[in-house]
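[1] Predicted model and sequence follow; I will ask about them next.
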Amino acid sequence: MLLLTGREMAEFDQKAINEYGIPGIVLMENAALKTFYRIKEILGEVAGKKIIILVGKGNNGGDGLALARHLANAGAKIRVFLLFKDQFKGDALINFHILKKMSEKIYEGVTENLNLLKISLIDADMVVDAIYGTGFRGALPPEIREVVEIVNQAEAIKLAVDIPSGVDSSTGRVEGTAFLADYTVTFGLPKLGQILYPGRSYCGKVLVEDISFPEKLKKEFPVKRWLLDKKVIKKFLKPLAPDTHKGRQGFGLVVGGSMDYSGAPFLAAKGSLAVGAGGVYLAIPENLFGVLAGKAPEIILRGLPAADGQISSKGFLEVEKILPKVKAVVIGPGMGALAESKEAYLNFLENCPLPVVVDADGLNNLIGNLEFLQKRNAATVLTPHLGEMARLLGTSIEEIKEKREEIGKKFAVDYNVYLVLKSETTAVFNPEGEIWYYPGGHPILAKAGSGDILAGLIMGFLAQGYGTGEAVLLGVYLHGKAGELAQKENSPRSFFISEIFSYINEAFGKLDEYGKKTFHLEK
Ligand SMILES: NC(=O)C1=CN([C@@H]2O[C@H](COP(=O)(O)OP(=O)(O)OC[C@H]3O[C@@H](n4cnc5c(N)ncnc54)[C@H](O)[C@@H]3O)[C@@H](O)[C@H]2O)[C@H](O)CC1
Ligand SMILES: [K+]
């Protein structure tokens with residue numbers, strides 16, 4: 001699904017109005033109706049329910065006024081608080097006049113009605129935030145902030161119209177505070193500010209409602225940013241051929257490990273098997289062989305010549321002998337800061353003719369050597385978290401968060417790589433500058449080993465012959481989905497990341513992967 005900033009949404013609205021001739025008041029009425037239906041769904045019954053509607057001065061307020069009309073007609077006991085005086089215009093003003101004539105309980109002005117608002121909140125069933133929407137940026141004015149802080153304390157169910165007031169719909173930034181919604185009913189398309197923190201934490205459950213924007217407009221709108229969702233993934237995931245075999249499934253290779261870290265490459269290797277690779281080689285410094293031997297019979301262990309507990313230059317040359325047996329590579333997990341063999345690593349990376357996922361120390365050893373990426377002739381996927389990206393670029397995490405898209409897009413295009421910028425909302429950039437966001441980050445995944453597994457998942461799909469973009473998006477989605485499923489049954493604190501594999505299996509099940517279309521043998 002297309003994912004827009006608030007500013008892009010305003011352009012989108014205008015195109016719908018000016019190029020398709022859909023009057024703004026129609027969009028506003030649809031928005032109000034769709035919100036009304038959701039309120040009925042949430043509250044069960046609307047008649048007799050006490051609903052407070054906070055109305056701003058723009059079209060977000062207009063939505064609130066039109067909504068108030070539907071709620072009143074359905075028998076709700078509404079109290080409409082206009083937070084600004086005599087500032088309505090256009091479609092909002094039309095809805096204001098209509099509501100006025102219905103002589104509903106409308107209270108104009110913030111300060112004069114603050115006490116009444118406090119009293120109304122005591123037994124309200126719901127508070128609707130129609131103060132600011134996509135037109136908002138910066139900080140709430142003090143008098144509005146005071147109202148929002150009072151309302152945030154209330155017991156009532158809180159529902160934001162389009163975006164919680166105080167959240168910047170383009171960046172997710174919140175200066176001071178914002179309306180703390182249980183639900184956000186958003187119109188037409190999801191907004192970037194709803195999936196980036198801290199904005200994401202103020203939205204509650206985001207419900208995207210169609211208000212009759214033409215599908216054609218969505219297709220031709222010049223924004224290449226999407227929300228990575230189940231629809232995208234189900235298109236990519238191919239059923240297994242009934243006569244498949246391990247060779248056809250494709251073997252993967254993980255290169256990594258050092259005296260300090262033996263678990264990371266092991267988890268990556270398991271990750272590739274968890275998504276269907278036919279088999280996997282795990283190439284580690286020979287001194288780790290004993291440590292890992294027998295840990296997982298499915299994994300084919302290869303000990304490499306080592307120096308000081310790391311893969312030596314000779315070791316990287318040995319890796320090349322394995323390449324003809326495999327279809328894709330992960331390099332880096334637990335590899336350590338290479339000393340003598342750094343040059344050999346970079347040459348291996350430059351010349352490896354297979355798709356490579358570069359993770360962890362594979363990235364750290366690239367610092368100051370990014371030009372090696374441009375020399376590669378096969379697909380490259382980098383999977384840094386924000387810290388690794390900051391180190392790669394010699395900048396700060398704050399800077400990257402601030403300019404995430406600009407930095408990510410430029411990097412992916414300049415170095416011709418797929419960039420998976422991991423954080424609580426992972427962003428995927430492809431070499432064409434297209435972007436996908438997956439808001440799947442859960443505290444349960446924020447542990448050592450989680451990234452190693454993701455690298456393995458992506459490589460596992462590459463080994464099966466998926467396109468690079470498909471493999472990356474499948475890996476990111478399944479990794480996040482598994483975290484979401486694990487979160488439902490486990491405390492994030494005490495969860496062992498190696499238990500994630502059973503949830504990856506379950507995540508596949510959610511994609512109808514279990515024994516339906518996939519395995520023809522049952523016919
Ligand atoms: N355009 C359409 O056809 C549709 C719009 N919908 C709804 O409209 C809002 C967007 O409305 P807009 O009038 O552009 O702005 P807001 O109502 O979000 O904000 C009102 C007003 O507030 C001012 N403002 C912005 N930031 C601040 C600040 N920090 N402090 C004080 N004042 C601020 C600014 O001047 C804004 O104009 C959209 O969210 C939808 O809810 C329809 O729903 C769909 C069709
Ligand atoms: K709002």
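    Perfect, I can see it now. Numbers count the residues shown, from 1 in each chain. Ligands and ions are numbered 1, 2, ... in the order given.
[2] And the residue of the stretch 251-400 of the chain found nearest ligand 1, which helix or strand is it part of?
    For the stretch 251-400 of the chain, the residue closest to ligand 1 is E398, as judged by Cβ to the nearest ligand atom, at 22.2 Å. Yep, even glycine has a C-beta here, placed from its N, CA and C like the rest. Here E398 sits within helix 397-402, counting by DSSP states H and E.
[3] Please identify the buried residues of that helix?
    I400, K401 (16 or more other Cβ atoms under 10 Å).
[4] Mind giving me the packing neighbours of that helix?
    For helix 397-402, the packing partners by 3 or more Cβ pairs under 8 Å, 6 or more residues apart in numbering; DSSP states H and E come out as helix 386-393.
[5] run the last query once more with 10 Å
    On a contact count with 3 or more Cβ pairs under 10 Å, 6 or more residues apart in numbering; DSSP states H and E, helix 397-402 meets helix 386-393, helix 404-414.
[6] Direction included, what does the helix or strand that the longest one is followed by pair up with?
    The first helix or strand that comes after helix 404-414 along the chain, using DSSP H and E, is strand 418-421. Sheet neighbours of strand 418-421, with direction, are listed as strand 380-382 (parallel), strand 426-429 (antiparallel) (DSSP bridges).
[7] Give me the distance between stretch 164-184 and the centre of its chain.
    17 Å (Cα atoms, centre = their mean, to the nearest Å).
[8] On the secondary structure side, give me the element for R7.
    Secondary-structure element containing R7, defined by DSSP H and E: helix 6-18.
[9] Does the helix or strand that comes right after that helix reach ligand 2?
    Later in the chain than helix 6-18, the nearest helix or strand by DSSP H and E is helix 24-43. No: against ligand 2, helix 24-43 shows no contacts by Cβ under 5 Å from the ion, the least distance being 10.5 Å.
[10] what's the spacing between the helix or strand following helix 24-43 and its chain's center?
    Note on helix 24-43: by DSSP H and E, the next helix or strand toward the C-terminus is strand 50-55. Chain-centre distance of strand 50-55: 32 Å, with Cα atoms, centre = their mean.
[11] Relative to strand 50-55, what are the paired strands and their orientations?
    Counting by DSSP bridges, the strands paired with strand 50-55 are strand 77-82 (parallel), strand 126-130 (parallel).
[12] And the helix or strand that comes right after the longest one, what's buried?
    Next helix or strand after strand 77-82 toward the C-terminus (DSSP H and E): helix 90-101. Judged by neighbour count (16+ other Cβ under 10 Å), helix 90-101 contains these buried residues: D91, A92, I94, N95, F96, L99.
[13] Just to check, R225 is in contact with R404?
    No: using Cβ atoms under 10 Å, R225 and R404 do not qualify as a contacting pair, with a distance of 11.4 Å.
[14] ok so, going back, make JSON lines out of the strands paired with strand 418-421 and add mean pLDDT.
    Shown next, in JSON lines, are the strands paired with strand 418-421 (pLDDT from 0 to 100):
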{"stretch": "strand 380-382", "mean pLDDT": "98"}
{"stretch": "strand 426-429", "mean pLDDT": "97"}
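[15] how about CSV for these, with distance to ligand 2 and mean neighbour count added?
    Output for those, formatted as CSV (distance: least, Cβ to the ion, whole Å; neighbours: other Cβ atoms under 10 Å):
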stretch, distance to ligand 2, mean neighbour count
strand 380-382, 38, 25
strand 426-429, 25, 24
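[16] Make JSON lines from the ones you listed and add distance to K105 to it.
    Below are the strands paired with strand 418-421 laid out as JSON lines (distance: least, Cβ to Cβ, whole Å):
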{"stretch": "strand 380-382", "distance to K105": "58"}
{"stretch": "strand 426-429", "distance to K105": "45"}
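[17] Show me the one of those that comes nearest G44.
    Closest approach to G44 among the strands paired with strand 418-421 is made by strand 426-429 (36.5 Å; Cβ to Cβ).
[18] The one helix or strand in the chain whose mean pLDDT sits lowest - contacts with which helices or strands?
    Of all helical and strand segments in the chain, the minimum by mean pLDDT, DSSP states H and E falls on helix 246-249, at a mean of 81. Using 3+ Cβ pairs under 10 Å, 6+ apart, the elements in contact with helix 246-249 are strand 279-285.
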